[in-house]
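[1] My questions are about this predicted structure, shown below with the sequence.
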Amino acid sequence: MKNSSSPQNEYPSSNTQPKWMYYIMIAWIALTFLFLTFGLIGLVVQWTGGSVEPYSKVQSSTLVLVALGAILLIEVLNGFMSRPDEDEAVSAKPKLTMKSVITYCVIVAVILVVGTTLRSTLPVLTIPPWLSLVLFVVGIVLLKPLFLRKSTRVDA
């Protein structure tokens, strides 16, 4: 019989989702808020009488760079904040080694090179500011059903 008062059974652990789903969620959130930024800036410029054209052109390479950059940033922060071993004392501070800094710098450089290379080959999307805001709302609304649902796995 399952103990319903146990907090372990009420909420899934962070390890219930596969790693690729975690990465998709990071990119989803980053792109959702990128569309919010595009929409708000575009609408403010439009209301002040400026040209909306620069804010309605979204390069596909920018979307790729934002998604990959967000994943990398979260991984760097998680790597810095995680403790080496759970059995160590609570006072143990996270370490930032020179090897990890160089690794992340190389990964950032590769992402930037790929993004600038793709800039000339990928299309430019025309997204009006109001549609950017709609994409933001859709991204927020779909966040919970796609990524934040409770696990249906039954623990023995």
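    Okay, I see it.
[2] Quickly find the element holding Pro54.
    helix 53-56 (DSSP states H and E).
[3] how about the next helix-or-strand element following that helix: buried residues?
    Sequence order places strand 57-59 as the next helix or strand after helix 53-56, per DSSP H and E. Applying a neighbour-count criterion of 16 or more other CB atoms under 10 Å, one finds 58-59 buried in strand 57-59. Placement of C-beta: from N, CA and C, glycine included.
[4] which other helices and strands contact strand 57-59?
    Judged by 3 or more CB pairs under 8 Å, 6 or more residues apart in numbering; DSSP states H and E, strand 57-59 is in contact with strand 124-126.
[5] Give me the contact list for the strand it packs on.
    For strand 124-126, the external contacting residues (CB atoms under 8 Å, 6 or more residues apart in numbering) are 56-60.
[6] okay if I get the residues you listed as JSON lines plus pLDDT and distance to Val114?
    Compiled in JSON lines, those are given as follows (pLDDT from 0 to 100; distance: CB to CB, whole Å):
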{"residue": "Ser56", "pLDDT": "88", "distance to Val114": "25"}
{"residue": "Lys57", "pLDDT": "90", "distance to Val114": "21"}
{"residue": "Val58", "pLDDT": "90", "distance to Val114": "18"}
{"residue": "Gln59", "pLDDT": "89", "distance to Val114": "13"}
{"residue": "Ser60", "pLDDT": "88", "distance to Val114": "12"}
